[in-house]
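Colleague: Sequence plus the predicted model coming up.
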Amino acid sequence: SPFNREIRLFSDMADAEISGAFRLAAMPGEISDVLNTFLPSFTRINKPETPIDFNENFDFSVNIKDVSLLQELFFPELEFQKGTQVSGRFDSGRRLIKVDVEAPFFIASGIRFNQVKTMAVADNGRLSISASSPEMNISDSVSIRHVNLQGDILTDSMGIKLGWASKSTLLDSDAELNAKAIFKGNDIRINLLPSLLLVGDNIWQVNEGNTLTISKGIVDIDNMAFSHDAEFVRVDGKISNNPNDEVDVVLDNFSLQNLNPFISESDIELSGSTKGIISFSEIGKQLLFKSNLEFKGIQVNKDFIGDGNIISKWDTENKRVLLDGFLGTKEFRKLAFTGHFSPDKKENSIDLKCEIRNLRLELFKPYVKDIFSDISGLLDGDLHLTGSLEKPVLNGELSFDKRTFVTVDILNTRYQVLDKVQI
């Protein structure tokens, strides 16, 4: 065929290759025409006139090198790692699209997906999508193992199956959430189907009558509720660029042990319960949290802390989040803090004072385990955190009681700590 050809591109950003029978001008319309079979509500790109009996049939591959400039300009919330491979095939005659993506890691809105493998195949009247990652890092200490997603799209409807490991020690996913998505134009409506979710050793029920709608950049969540025995979680609200819109997460008798499977890498084990509400909204491009939470019987690594309360609220006049909270008892607070955070400020955005009284040093073992061991004793202190999230500044004084001992592993020597420490 006179249209059989090969194009190779080499650059600092990426290397790309396409080979087979294709016309660059016709390519977007042909691909849109095939996708329109499964998603007819999306606007179809008009195809230019094509020679009789011409079939777009080509293979393609892309090796991503450095696309940081494009990401900053067009996709600031995304990060593609160097070495990401994209390959696939398109055959307009067979109505076939096949795309494979493998990436060392991929970051979306601060959430990191490691060793990502994704495949999409449109064939035999059905579009199938699958994606997997052995580990999803929400933060340095919060992760979910063996995350996988499967979906089948047929005539503006998609069945979704999301899986993950309910415990960090498992070698494969065992928990599953099922959902159905309906596409209408550029709008998407998702319903979680009635199902049982496994979190740790507990089975949670997904309540009926829930809806998540995505339309014109606005995410609307209605009655997304989950329950286990006396525990209850419900999510309602909107996510948008309007600072008046917010999402509320209501907790009732929620056991903190539910968090342990996701924070196992931090060597922290929690117990106790909480109830209250957490709200978050988007101001500028920053996600802000408000809360009013009450804690009961808090234990960290089986060390009893006590009860507590954490309150954060938005100060409209000064455009900052006010923070106030304590852990311990009403009569004796082991840990208390108060202050504020200004998200619009690049410098001096934090002003937080913290009081520590008779706090067991064993709580800090997970953070210093590479340097010290056999930590024991009690800690008092008054700290003042200022600066910014990028450059925090901590000042204050810590004091140790006579029973404070630490072992410096590199010296294999045990020391008694008697003095105060100025920070």
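Modeller: Received the coordinates, thanks.
Colleague: So which residues of the stretch 1-150 of the chain form strands?
Modeller: Along the stretch 1-150 of the chain, counting by DSSP state E, counting those that start in this stretch, strands occupy 4-10, 14-21, 57-64, 78-80, 85-91, 96-108, 111-123, 126-137, 143-154.
Colleague: low pLDDT regions in the stretch 301-423 of the chain?
Modeller: 366-370, 372, 405, 408-412, 415-418 (pLDDT under 70).
Colleague: 80 instead, please
Modeller: 316, 329-331, 343-344, 360-377, 389, 400-421, 423 (pLDDT under 80).
Colleague: Tell me where the stretch 251-400 of the chain has strands.
Modeller: Counting by DSSP E, counting those that start in this stretch, the strands of the stretch 251-400 of the chain are 270-283, 286-300, 303-315, 320-328, 333-341, 350-360, 372-376, 378-387, 392-400.
Colleague: among those strands, which is nearest residue 188?
Modeller: Across the strands of the stretch 251-400 of the chain, residue 188 has its closest neighbour in strand 270-283 (18.9 Å, CB to CB). In this view, the C-beta of every residue, glycine as well, is placed from N, C-alpha and C.
Colleague: pull the CA atoms of the closest one into PDB?
Modeller: Taking C-alpha atoms only, strand 270-283 is exported to PDB below (Å, rounded to 0.1, in the frame of the first residue of the first chain):
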ATOM      1  CA  LEU A 270      -3.200   2.400  66.800                       C
ATOM      2  CA  SER A 271      -6.200   1.600  68.900                       C
ATOM      3  CA  GLY A 272      -9.100   3.500  70.300                       C
ATOM      4  CA  SER A 273     -12.000   5.200  68.600                       C
ATOM      5  CA  THR A 274     -13.200   8.500  67.200                       C
ATOM      6  CA  LYS A 275     -16.400  10.200  66.200                       C
ATOM      7  CA  GLY A 276     -17.100  13.600  64.600                       C
ATOM      8  CA  ILE A 277     -16.700  15.200  61.200                       C
ATOM      9  CA  ILE A 278     -13.800  15.900  58.800                       C
ATOM     10  CA  SER A 279     -14.500  18.500  56.000                       C
ATOM     11  CA  PHE A 280     -12.200  19.400  53.100                       C
ATOM     12  CA  SER A 281     -12.400  22.000  50.300                       C
ATOM     13  CA  GLU A 282     -10.200  23.300  47.600                       C
ATOM     14  CA  ILE A 283      -8.900  26.900  47.900                       C
END
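Colleague: Which parts of that strand count as buried, going by neighbours?
Modeller: 270-276, 278-279, 281-282 (16 or more other CB atoms under 10 Å).
Colleague: can you check stretch 394-402 too?
Modeller: Applying 16+ other CB under 10 Å to stretch 394-402 flags 396, 398-400 as buried.
Colleague: what does it contact?
Modeller: 354, 356, 361, 377-386, 416-423 (CB atoms under 8 Å, 6 or more residues apart in numbering).
Colleague: how does it look with 10 Å?
Modeller: Identification of contacts with stretch 394-402 by CB atoms under 10 Å, 6 or more residues apart in numbering yields 352-356, 358, 361, 377-387, 406, 416-423.
Colleague: Kindly write the ChimeraX command that selects the buried subset of those.
Modeller: A single ChimeraX command is used to select the members of the contacts of stretch 394-402 judged buried by 16+ other CB under 10 Å:
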select :352,354,355,356,361,377,378,379,380,381,383,384,385,386,406,417
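Colleague: Dump the buried residues of stretch 394-402 into TSV; add distance to residue 145 as well.
Modeller: As requested, those are exported to TSV (distance: CB to CB, whole Å):
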residue	distance to residue 145
396	38
398	36
399	41
400	38
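Colleague: Which of those sits closest to residue 303?
Modeller: For those, the nearest to residue 303 is residue 400 (16.8 Å; CB to CB).
Colleague: Which residue lies nearest to residue 141 in three dimensions, sequence-adjacent residues excluded?
Modeller: residue 266 (3.7 Å; CB to CB, 6 or more residues apart in numbering).
Colleague: I'd like the distance from that neighbour to residue 126, if you could.
Modeller: Distance, residue 266 to residue 126, using CB to CB, to the nearest Å: 42 Å.
Colleague: who has more neighbours, those two?
Modeller: Set residue 266 next to residue 126 and count neighbours by other CB atoms under 10 Å: residue 266 wins out with 16 against 13.
Colleague: Double-check the residue nearest to residue 141 against residue 143; I have them as touching.
Modeller: Yes - counting by CB atoms under 10 Å, residue 266 does reach residue 143; the two are 9.4 Å apart.
Colleague: In terms of helices and strands, where is residue 235?
Modeller: Element membership for residue 235, per DSSP states H and E: strand 231-239.
Colleague: Can you name every helix or strand that that strand contacts?
Modeller: Helices and strands touching strand 231-239, by 3 or more CB pairs under 10 Å, 6 or more residues apart in numbering; DSSP states H and E, are strand 202-206, strand 211-215, strand 218-228, strand 247-255, strand 270-283.
Colleague: unless I'm mixing things up, residue 207 is touching residue 192, no?
Modeller: Yes - proximity of residue 207 to residue 192 meets the contact threshold set by CB under 10 Å, at 8.6 Å.
Colleague: Make TSV from the strands of the stretch 1-150 of the chain and add distance to residue 291 and mean pLDDT to it.
Modeller: Listed next are the strands of the stretch 1-150 of the chain as TSV, based on distance: least, CB to CB, whole Å; pLDDT from 0 to 100:
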stretch	distance to residue 291	mean pLDDT
strand 4-10	50	90
strand 14-21	43	93
strand 57-64	39	94
strand 78-80	29	83
strand 85-91	41	95
strand 96-108	25	92
strand 111-123	21	92
strand 126-137	23	93
strand 143-154	22	92
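Colleague: Which one of those lies nearest to residue 219?
Modeller: Nearest to residue 219, of the strands of the stretch 1-150 of the chain and by CB to CB, is strand 96-108 at 14.6 Å.
Colleague: What pairs with the closest one, parallel or antiparallel?
Modeller: Sheet partners assigned to strand 96-108 using DSSP bridges are listed as strand 78-80 (antiparallel), strand 85-91 (antiparallel), strand 111-123 (antiparallel).
Colleague: who wins for proximity to residue 187 among those strands?
Modeller: Of the strands paired with strand 96-108, the one closest to residue 187 (CB to CB) turns out to be strand 111-123, at 21.2 Å.
Colleague: buried residues in the closest one?
Modeller: Residues 112-114, 116, 118, 120-122 are the ones in strand 111-123 that count as buried (16+ other CB under 10 Å).
Colleague: quick revisit: farthest pair in the buried residues of strand 270-283?
Modeller: Distance extremes for the buried residues of strand 270-283: the farthest pair is 271 and 282 at 32.9 Å, using CB to CB.
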